[in-house]
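Peer 1: kindly return the folded structure for what I paste below:
(one chain, ligands or ions: 2)
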Amino acid sequence: MDKISLIIPCYNEEESIPILYNELDRISNIMNYVEFGFFFIDDGSTDNTLTLLKKLNSNDSRVKYISFSRNFGKESAMYAGLSYVDGNYVAILDADMQDPPSLLPRLYQTIKQGDYNSVATRRITRAGEPRFRTICAKVFYKIMRKISKTNIVDGSRDFRLMDRKFVNSILSLKEFNRFTKGMYNWVGFKTTCIEYENVKRCAGKTKWSFIGLLTYSLEGIISYSTVPLIITSLIGLFFFILSLFFIIFIIFRQMIYHNSANGWASMTCIILLIGGIQLFSIGIIGQYLSQIYLEIKGRPHFIINETNVNVDKNVKK
Ligand code: UDP
Ligand code: MG
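Peer 2: Numbering: from 1, shown residues only. Ligands and ions are numbered 1, 2, ... in the order given. Below you'll find the model as predicted:
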């Protein structure tokens, strides 16, 4: 019998977890032809998430949990989950029901019938989300597709069903700055995608601020593309060539009209422009440098405070 391990990153999700658990229990009853494991990652919650998980575990041995010592972010939570689950199929899903568990039977059927290594999901609408966020997300995916080789489609989720081979290949990417949506594409394998309409968060509030999302997307671009570096080099080259024309122009003006000292205003503008571009370019290089700095420190992705999983036995880190 196949075992599906579900990884659920939770950050202050005390309101959503009971709703999600009931739904998971219902789905697992329908899918009685597979074994289930519910693997909750408490990402440093400050509410009653952990107490709730312990209670669920005392009634249902399928519920496992890992609790972090502080908030490490969803990426770290997903990595911890992937590192310690034991199912031969694995899915990651949000605690707020925005990754509908009711899709699981279809995901399982698809992966089995099509002999796929992973079945992805993508929401085709973003109803219920702030308009500005939708527009920013669209722009991000457009830029990402243009400048990096990994093709991440708009609306694609972290939610997908993967086989063991796929999970192990994701785990073999050990970088500190993780962008799982990019990794899914990077590792390759036979994948298909299921589409669904957006579902609103069932309870509680979103954990992502606009600035948080912006930083996350910039990290995503930097992790998957060196095009920003190429663009800054091209801008540099452009201004170098332009300056050659200027030099020739000024020399001729001096020789013919003898008034090379004119134009301090335009000179100020040019200095400001070039200075700005230089700072901008240094900023971009700095971003890559800071990523290297974080990688080279080699710190763990997360620190476990409490768990009911034997983390020493199946260390895959
Ligand atoms: N999450 C997490 N750590 C964080 C932020 C979020 O584990 O630092 C979890 C959160 O509990 C939820 C999932 O990641 O299960 C998605 O978060 P959320 O629903 O707030 O994001 P949104 O759907 O609004 O993009
Ligand atoms: Mg959500």
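
Peer 1: residue contacts, Ser243?
Peer 2: Residues counted as contacts of Ser243 (C-beta atoms under 8 Å, 6 or more residues apart in numbering): none. For the C-beta atoms, the positions are set from N, CA and C on the backbone; glycine is no exception.

Peer 1: can you tell me the helix or strand for it?
Peer 2: helix 227-257 (DSSP states H and E).

Peer 1: ok, now Val153?
Peer 2: Using DSSP H and E, no helix or strand contains Val153.

Peer 1: got it, and Lys55?
Peer 2: helix 49-59.

Peer 1: one more: Phe38?
Peer 2: Per DSSP H and E: Phe38 is located in strand 35-42.

Peer 1: check which helices and strands that strand is in contact with.
Peer 2: strand 3-10, helix 16-30, helix 49-59, strand 63-68, helix 74-84 (3 or more C-beta pairs under 8 Å, 6 or more residues apart in numbering; DSSP states H and E).

Peer 1: kindly reformat those as JSON lines containing mean neighbour count.
Peer 2: JSON lines is the format used below for the helices and strands packed on strand 35-42 (neighbours: other C-beta atoms under 10 Å):
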{"stretch": "strand 3-10", "mean neighbour count": "24"}
{"stretch": "helix 16-30", "mean neighbour count": "17"}
{"stretch": "helix 49-59", "mean neighbour count": "17"}
{"stretch": "strand 63-68", "mean neighbour count": "22"}
{"stretch": "helix 74-84", "mean neighbour count": "23"}
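
Peer 1: ok, which of the ones you listed comes nearest Val139?
Peer 2: With C-beta to C-beta as the criterion, Val139 lies closest to helix 74-84 of the helices and strands packed on strand 35-42, at 21.5 Å.

Peer 1: is ligand 2 contacted by the closest one?
Peer 2: No: Helix 74-84 stays clear of ligand 2 (C-beta under 5 Å from the ion), getting no nearer than 9.9 Å.

Peer 1: who in the stretch 51-200 of the chain is up against ligand 1?
Peer 2: 71, 73-74, 77, 94-96, 98 (C-beta under 6 Å from any ligand atom).

Peer 1: roughly how far does Asn308 sit from Ile222?
Peer 2: 37 Å (C-beta to C-beta, to the nearest Å).

Peer 1: same deal with Phe246?
Peer 2: 33 Å.

Peer 1: quick one, which of the two is more surrounded?
Peer 2: Using other C-beta atoms under 10 Å as the criterion, Phe246 and Ile222 rank with Ile222 on top: 19 against 12.

Peer 1: need the nearest residue in space to that one, chain neighbours excluded.
Peer 2: Residue nearest to Ile222 in three dimensions, not counting chain neighbours: Gln287, with 5.3 Å by C-beta to C-beta, 6 or more residues apart in numbering.
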